[in-house]
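> just the structure for this:
(2 chains)
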Amino acid sequence: MPLSEQPPDIVETRGISKIYEGGIQALEGVDLGFPQGQMTTLLGPSGCGKTTLLKIIAGLLEPSEGEIRVSGVPVAGPGPERALVFQDFALMPWASVLRNVGFGLELRGVAKAEREETARRYIDKVGLAGFEGRYPHELSGGMKQRVGLARALAVNAKVLLMDEPFSAVDEQTRRQFQEDLLRLLSVEKKTVIFVTHSIEEAVYISDRIVLLSPRPGRVSRIFHPAIDRSRTSDKIRRDAAYLDTVEEIWQIVRQYLD
Amino acid sequence: MNLFGLRIPFAVAPLLWGVLWEIVGQSGTVFIIPPLSSVFVSLFELVQRGNFQAAAWQTLTSFSKGMGLAVVVGIALGFLMGRVEAANRLLGMWVNIFASAPLSALVPVLMLLFGLGETTIIVTVFLFAVWIIILDTFAGVSKVNTSLVEMGRSFGATRVQLYVKLIFWAALPEILAGIRLGLIRGVKGVVIGQLLVSVVAFGQLFATYSRNFMFDEFWALAIVMFAFALGLSGLIGKLEQRVEYYAGTRD
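Numbering: from 1, shown residues only, chains lettered A, B, ... in the order given. Predicted coordinates for the structure are as follows:
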């Protein structure tokens, strides 16, 4: 994509470093921009600080140095323009699917009828229509994560932050979910920042891949997988550009493992 | 329950013990055990007597006041210790000591502090019940899933919303278990308080009946207390069952 067509960055990280108590440095000088409307993946080996970076962007963790800007404005703490999808779903086990999905709106004081209507709409969009009255313990892992996704979509944030959302579900569900996510996002026009340790997943779903180095995490390289996503998933997974990118990233990651 | 290959319903066990009690009582071998049937006869007479009703009311009032205080203070301190590490370090030691200490030994000292009236009995109930409520609430609150709290924060929950809408509900199964155990200890506390302190209400009745060898009445009163304690804990148990469906699935 030529530079002139690059959409403006909606989220920027400026010189983000994070040193945990006890002196462990998780991140060092991370400068990144996340273009509006694009799916950017933070990829890296375990312990490279990718989840730390996501939680700093979400406002849940404070960086030791640097700042986060959303639409050019520095932010401290969570905000309504960012919504998070959790690795372990983080659903309220005592609440129905309907209430879980509407919870972000409930916290904002949206009237019950209105938030339930919105929740129903997103429950339908993630393919869980008919499960509104069910409780989390009655759902499979994949369905729970759909609830988590619907909850994040329901607050209508511009930026969706996803922390290894598919790591706790089985492979079949994962692929199905990846496709549903891409289809949903092509309609919803969100900016997505997606954390994963799966190279294949990153290449399959991303417009842009940020590869982080092992601890302390720095930006190692940025990839733009030029993959034609108008084809079926099977074709994409056999596409030369897809396979080459996976291989290229693997060669770099492999060096980190030594 | 299976006995000699026969299926026996659970209600049979208390019935068997009842029959045994009746036999021992009728035989007259143990003088403190009258026949169960005559205990029940005195039970029906007892509950109609004015002094019993007054004593029951007085006992219930002291118990409810002490218990109410224990629930409020216990939950508050449990939350504090579960959320603030400094509070846990400062208070944890004492809570654990008092939770297992023989508190009956403290009651005479309480008497010096709070006098011979109802206050000492309320304090006794409170002291018997509060520690286990603190401990269980603490266990529930400190076990709350971090990502549930992060979820609340990321969707813009205020501090109050975080506690009222998330942490309280996540810890509710443990809180209820604490209250149920606290209730049973509180019933002990009210009787011990009444016996040791000023010999009032049920304590007075217990003392009078045992001193005068009125064992029909003595056991009738004991049955009332047992039934009260079991009934209350059963009630909380029912509440617990309603939240049990998620107690095991919170991770």
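
> going forward, measure contacts between C-alpha atoms and count neighbours the same way
Fine.

> A:V97 against A:L128, yeah?
No: A:V97 is beyond contact range of A:L128, at 9.1 Å (criterion: C-alpha atoms under 8 Å).

> higher neighbour count, these two?
A:V97 (28 against 17; other C-alpha atoms under 10 Å in any protein chain shown).

> tell me the SS of the closest residue in space to that one that isn't next to it in sequence?
In space, and not counting its chain neighbours, A:V97 is closest to A:E132: 5.0 Å by C-alpha to C-alpha, 6 or more residues apart in numbering or on different chains. At A:E132, secondary structure determined by DSSP: H, G, I helix; E, B strand; the rest coil is coil.

> and A:E132, how many neighbours does it have?
Neighbours of A:E132 under the rule other C-alpha under 10 Å: 19.

> let me know the pLDDT of it.
As predicted, A:E132 sits at a pLDDT of 91.

> any idea of the pLDDT on residue 90?
I'll assume chain A. Predicted confidence (pLDDT) for A:A90: 92.

> wrong one, chain B
In this model, B:L90 is scored at 89, pLDDT.

> what's opposite the nearest residue to A:Q6 once chain neighbours are set aside in the beta bridge?
Among residues not flanking A:Q6 along the chain, A:P35 sits closest, at 7.3 Å (C-alpha to C-alpha, 6+ apart). Assessed by DSSP bridges, A:P35 has beta-bridge partners A:D9.

> select the helix or strand of chain A having the lowest average pLDDT value.
helix A:233-238 (a mean of 80; mean pLDDT, DSSP states H and E).

> so which bits of the helix or strand just after that helix are buried?
Using DSSP states H and E, the helix or strand that follows helix A:233-238 in sequence is helix A:240-257. Residues of helix A:240-257 classed as buried: A:A241, A:Y242, A:T245, A:V246, A:I249, A:V253 (neighbour count, 16 or more other C-alpha atoms under 10 Å in any protein chain shown).

> of those residues, closest to A:Y204?
Using C-alpha to C-alpha, A:Y242 is the member of the buried residues of helix A:240-257 that sits closest to A:Y204, with 7.2 Å.

> the residue lying farthest from the centre of chain A and B:V72: what is the separation?
Centroid-distance maximum for chain A: A:A113 at 29.2 Å, with C-alpha atoms, centre = their mean. Distance of A:A113 to B:V72, computed by C-alpha to C-alpha, to the nearest Å: 34 Å.

> what does A:Y122 give?
Applying C-alpha to C-alpha to A:Y122 and B:V72 gives a distance of 40 Å.

> the two: which is more packed in?
A:Y122 (24 against 14).

> so what's the more buried one up against?
With contact taken as C-alpha atoms under 8 Å, 6 or more residues apart in numbering or on different chains, A:Y122 is in contact with A:V101, A:A150, A:R151, A:L153, A:A154.

> same deal with A:D9?
A:G33, A:F34, A:P35, A:Q36, A:S71.

> which one (most neighbours) among these?
Going by other C-alpha under 10 Å, A:F34 tops the contacts of A:D9 with 22 neighbours.

> that one touches A:Q6, doesn't it?
No: when contacts are counted by C-alpha under 8 Å, A:F34 is not listed as touching A:Q6 (10.5 Å).

> host element of residue 99?
Going with chain A. Per DSSP H and E: helix A:97-101 holds A:R99.

> sorry, I should have been clearer: chain B.
helix B:85-100.

> so where do the helices sit in the stretch 151-258 of chain A?
A:171-188, A:199-205, A:233-238, A:240-257 (DSSP state H, counting those that start in this stretch).

> same question, the stretch 151-251 of chain B
Under DSSP H, counting those that start in this stretch, the stretch 151-251 of chain B gives helices at B:159-161, B:168-193, B:201-211, B:215-247.

> include mean neighbour count when you put these into JSON lines, please.
Formatted as JSON lines, the helices of the stretch 151-251 of chain B follow (neighbours: other C-alpha atoms under 10 Å in any protein chain shown):
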{"stretch": "helix B:159-161", "mean neighbour count": "11"}
{"stretch": "helix B:168-193", "mean neighbour count": "24"}
{"stretch": "helix B:201-211", "mean neighbour count": "19"}
{"stretch": "helix B:215-247", "mean neighbour count": "17"}
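
> what's the closest of these to chain A?
helix B:215-247 (5.6 Å; C-alpha to the nearest C-alpha).

> tell me the helices and strands packed up against that closest one.
Contacts defined by 3 or more C-alpha pairs under 8 Å, 6 or more residues apart in numbering or on different chains; DSSP states H and E place helix B:215-247 against helix B:36-46, helix B:168-193, helix B:201-211.

> picking up where we left off before, contact partners for the residue farthest from the centre of chain A?
By C-alpha under 8 Å, 6+ apart, A:A113 has no neighbours at all.

> follow-up on the earlier one: of the helices and strands packed on helix B:215-247, which approaches A:I57 most closely?
Comparing these by C-alpha to C-alpha, helix B:168-193 comes nearest, at 26.6 Å.

> is there proximity between the closest one and chain A?
Yes: interface with chain A: helix B:168-193 contributes B:W169, B:A170 (C-alpha under 8 Å from any C-alpha of the partner chain).

> you'd agree A:A154 is up against A:R99?
No: counting by C-alpha under 8 Å, A:A154 does not reach A:R99; the two are 11.5 Å apart.

> overlap in contacts, these two.
Joint contacts of A:A154 and A:R99 (C-alpha under 8 Å, 6+ apart) are A:A119.

> where along the stretch 1-150 of chain A do the strands fall?
A:9-19, A:25-35, A:39-43, A:65-70, A:73-75, A:82-85 (DSSP state E, counting those that start in this stretch).

> Throw those into CSV and include distance to B:S62 and mean pLDDT, thanks.
Putting these into CSV (distance: least, C-alpha to C-alpha, whole Å; pLDDT from 0 to 100) gives the following:
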stretch, distance to B:S62, mean pLDDT
strand A:9-19, 55, 88
strand A:25-35, 57, 87
strand A:39-43, 62, 91
strand A:65-70, 58, 90
strand A:73-75, 54, 89
strand A:82-85, 50, 92
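
> now render those strands as JSON lines, adding distance to B:A99.
Shown next, in JSON lines, are these (distance: least, C-alpha to C-alpha, whole Å):
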{"stretch": "strand A:9-19", "distance to B:A99": "40"}
{"stretch": "strand A:25-35", "distance to B:A99": "42"}
{"stretch": "strand A:39-43", "distance to B:A99": "49"}
{"stretch": "strand A:65-70", "distance to B:A99": "46"}
{"stretch": "strand A:73-75", "distance to B:A99": "46"}
{"stretch": "strand A:82-85", "distance to B:A99": "41"}
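
> quick one, which of those strands is nearest to A:S230?
Per C-alpha to C-alpha, nearest to A:S230 of the strands of the stretch 1-150 of chain A: strand A:39-43, 15.9 Å.

> thinking again about what came up before, export the helices of the stretch 151-251 of chain B as a markdown table, with columns for mean pLDDT.
Output for the helices of the stretch 151-251 of chain B, formatted as a markdown table (pLDDT from 0 to 100):
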| stretch | mean pLDDT |
| --- | --- |
| helix B:159-161 | 91 |
| helix B:168-193 | 89 |
| helix B:201-211 | 81 |
| helix B:215-247 | 82 |
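
> mind checking which of these is nearest A:D228?
helix B:215-247 (44.5 Å).

> how far does that closest one sit from the chain's center?
8 Å (C-alpha atoms, centre = their mean, to the nearest Å).

> cool, and stretch A:25-33?
Remark: stretch A:25-33 is offset 18 Å from the chain centroid, using C-alpha atoms, centre = their mean.
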